[in-house]
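S.K.: Have a look; sequence and predicted model below, questions after that.
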Amino acid sequence: DATESEDIGSGEVLEETIESETVPEDARISETISDELAEGSQDEYPADEEELLDTEDAPESTTEELLPTEEEGETESESEPAGFYQELQESEEPENIYDEIILESSVEETDGLAATVDLITSGDCGENLTWQLTQDGVLNISGTGDMYDYGFWDNSSPWYDVCSSIVSVNISEGVTSIGDRAFYCCSSLTSFTIPEGVTSIGDGAFSYCDNLTGITIPEGVVSIGNYAFSDCTGLTSITISEGITSIGDGAFSDCTGLTSITIPAGVTSIGYEAFYRCSSLTDITIPESVTSIGVGAFSYCSNLASITIPAGVTSISIEVFYGCSSLTNITIPTSVTSIEGYAFYGCSRLTGITIPASVIRIGEHVFEGCDNLTGITIPISVNSIDKHAFSGCSSLTDITIPTSVIGIGEYAFNGCSSLTSITIPEGVTSIG
C-alpha cells in the first residue's frame, strides 16, 4: 500500500489509501529501510516513488540499489551507514562459538616450552592454597599450609559441583593437610597421590569416591579422620605407612572391595565401625601397639576368617565381630577383662573359642547365633553370664559353668538344642 496526501483547511491532512494489485516486495523493503535510516534529503532516494509503485512489472531491485552511495553523500542520521546492511548480507555465517567453551586458560612450562592448559575453573582452597581443574579432569592443588575443611550443601568444597568430572588429583609438596570432605563424592576419581608433608586426612575426605582403587598414605600422616574413605567401594588395597597413631570412626566402612590391610605399628586405636561391612576383607593384621578397638569395628566383615587381638586390648567392644559369618578362629589375649554385648553375634562358622582367665564378664548376646560352636570353657574368673549369651548355639553339647559365677541372665542358653546336661554351681544366686 502507498498513500497520497492533499492539504485540507488549516494544515489538516486527509490520507487516502491507494491499493496496488502488484506491489513489488523490494519497494516495501525500500520504504522500511528509508524509515529506519532516519530523515535525509529527497535527493538521496528515488525521485518518484509513485512511479515505482504504479509499475505492474517492477524491475528486480536489491537493497543495495535502493540505498544511497558514497557519491550521493552521507546521511545526516546517526543510524548505521547504508553499507552496513549490504555487508551483513554478504558476510559468511559466523562460527558457532558454543561448539567448544573454554572458560579460562593458563600457560604451563613443560621442558622449557610454553603449553596452553585449558581450565574449567579455579580458586582458593586454603589461606595459601590455590586449585585449578583442567578440562581433562585433573585437579591441581598448590601452595603451602592446611587445606580448608568443608561440610555439606552450602559449605561444600569449591569443586563439588563439578566433582564428577575429576579423574585425578595432584597435590604439591607444601600442603600439610587434606580437609574434611575435600573430595567427598568425587565418583570419577581413580588415582590420588598424597605428598610427603601431609600430616592429617580429614573427616570424610574421600568418602564415596567409589572408583578409587588404591591409595598410599605416606609417612608423616598421624591420623586418618572419621569416615575418611567410607563407601569407596572400588578400593581394593591401601598402604598405611608408619606414623599413623589412630584410625577414625568408620574410616574404611563399606569399602566392599577391600581384601586386605596391614595396620602399622604405632597405631593405638581403631575407631567405631572403622572396617564396618568390608565384606571382601579376608585378612587383617593388628599390631601390638593397639589398645582400643571401637564398637562394631569389624562387624559384617563376612569373609574375615581369622584374627588375633593384640595383648594391649583390655575389652572386646560391643558388636566388634558382629555378623563375621566366616570367622573360624580368634585369639583373645589374657589382657581382656570383658567381652561386651553382641561381640561375636552371628559368627556362624566359629567352632570353638578359648576365653582367658582374665575375663570377669560375658555380656548379653555375645555368642548368640554361633550355631557351629560345639564347646566352650568358661574360666573361673567369670562371675556373670548375661542374657542370651549363648542363645541359638544349636551345636553346643557341653559347657561347664565355674563356681565363680553368681548370676545367669534370662535366655542365656535358649535354643541350645544339642545341650544334654549342664551343672549350675552352688554360688549362683540369680537365674534369669
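M.R.: Looks like it came in fine. All values reported here derive from a predicted model rather than from experimental measurement.

S.K.: Skipping adjacent residues, who's closest to the residue most central in space within the chain in space?
M.R.: Nearest to the geometric centre of the chain sits residue 185, at 0.4 Å (C-alpha atoms, centre = their mean). Among residues not flanking residue 185 along the chain, residue 208 sits closest, at 4.6 Å (C-beta to C-beta, 6 or more residues apart in numbering). Glycine gets a C-beta too; all of them are placed from N, C-alpha and C.

S.K.: for that neighbour, what are its contacts?
M.R.: By C-beta atoms under 8 Å, 6 or more residues apart in numbering, the contact set of residue 208 is 184, 185, 186, 187, 230, 231, 232.

S.K.: ok, now residue 291?
M.R.: 268, 269, 310, 312, 313, 314.

S.K.: hmm, back to that, now list the buried members of the contacts of residue 208.
M.R.: Among the contacts of residue 208, those classed as buried by neighbour count (16 or more other C-beta atoms under 10 Å) are 184, 185, 186, 230, 231, 232.

S.K.: did I read that right, the third one in a strand?
M.R.: Think residue 186. No. Membership of residue 186 in a strand is not supported by DSSP: H, G, I helix; E, B strand; the rest coil, which gives coil.

S.K.: Need the three-state assignment for the closest residue to it other than its chain neighbours.
M.R.: In space, residue 186 comes closest to residue 163 once its chain neighbours are excluded; the distance is 4.5 Å by C-beta to C-beta, 6+ apart. When classified by three-state DSSP, residue 163 comes out as helix.

S.K.: Show me the helices in the protein, by range?
M.R.: Listed in chain order, the helices of the chain (DSSP state H) span residues 25-36, 49-54, 63-66, 83-90.

S.K.: Could you double-check that residue 390 sits in contact with residue 368?
M.R.: Yes. Using C-beta atoms under 8 Å, residue 390 makes contact with residue 368 at a distance of 7.2 Å.

S.K.: Could I get the full set of strands for the stretch 301-432 of the chain?
M.R.: 306-308, 315-316, 329-331, 338-339, 352-354, 361-362, 375-377, 384-385, 398-400, 407-408, 430-431 (DSSP state E, counting those that start in this stretch).

S.K.: And the ones you listed: which comes nearest residue 283?
M.R.: With C-beta to C-beta as the criterion, residue 283 lies closest to strand 306-308 of the strands of the stretch 301-432 of the chain, at 7.9 Å.

S.K.: quick one: buried residues of that closest one?
M.R.: residue 307.

S.K.: what separates residue 406 from residue 376, distance-wise?
M.R.: Residue 406 is 19 Å from residue 376, where distance means C-beta to C-beta, to the nearest Å.

S.K.: picking that back up, make TSV out of the strands of the stretch 301-432 of the chain and add mean pLDDT and distance to residue 126.
M.R.: Below are the strands of the stretch 301-432 of the chain laid out as TSV (pLDDT from 0 to 100; distance: least, C-beta to C-beta, whole Å):
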stretch	mean pLDDT	distance to residue 126
strand 306-308	89	40
strand 315-316	95	40
strand 329-331	87	45
strand 338-339	95	45
strand 352-354	87	50
strand 361-362	94	49
strand 375-377	85	55
strand 384-385	94	53
strand 398-400	85	60
strand 407-408	94	57
strand 430-431	91	60
